[in-house]
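Trainee: Here is my input; please provide its structure:
(one chain, ligands or ions: 1)
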Amino acid sequence: MADYTIKVRRFQPESGQGPYWEEFNVDLEPSLSVLDGLLQAKDREDGSLAVRCSCRAAICGSCGMKIKASPGSAARPRSARPKKEPTRWHPRLAARPAATRS
Ligand code: FES
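Mentor: Got it, this is the predicted structure:
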């Protein structure tokens with residue numbers, strides 16, 4: 001197991017405040033995915049964390065998001081990534097304020 005920090009951009013329109021970043025620490029086998037980390041954070045730290053996924057096998061594309069500024073499937077297994085650099089998760093719609101959504 002290795003420790004990872006996942007940095008998630010969140011937005012709660014009812015709060016009246018803009019989007020913000022929140023960090024979650026997860027323990028993952030290096031062969032697991034960012035999606036596994038997000039689901040672990042949801043289970044262990046914050047049940048309000050919403051993650052869209054379906055196959056969890058990098059087939060359907062349902063979990064598409066930006067990971068370290070690059071678009072891709074969060075379900076794709078990742079090689080070992082040390083804790084020193086947080087992984088940023090950027091959902092497609094939640095990052096924009098409600099007033100600018102189309
Ligand atoms: S859940 Fe199917 S590719 Fe991510």
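
Trainee: Give the helix, strand or coil label for residue 38.
Mentor: Classification of residue 38 by DSSP: H, G, I helix; E, B strand; the rest coil places it in helix.

Trainee: residues contacting it?
Mentor: 6, 8, 24, 49, 51, 74, 89 (CB atoms under 8 Å, 6 or more residues apart in numbering). Quick note: C-beta positions are derived from backbone N, CA and C, even for glycine.

Trainee: Can you tell me the closest non-neighbouring residue to the fourth one?
Mentor: Put plainly, it is residue 49. Closest residue to residue 49 apart from its sequence neighbours, by CB to CB, 6 or more residues apart in numbering: residue 42 at 4.4 Å.

Trainee: what do you get for the third one?
Mentor: Counting by CB to CB, 6+ apart, residue 41 is the residue found nearest to residue 24 once chain neighbours are left out, at 3.7 Å.

Trainee: Burial check on that neighbour, number of neighbours?
Mentor: 22 (other CB atoms under 10 Å).

Trainee: what about it, which SS state?
Mentor: Following three-state DSSP, the label given to residue 41 is helix.
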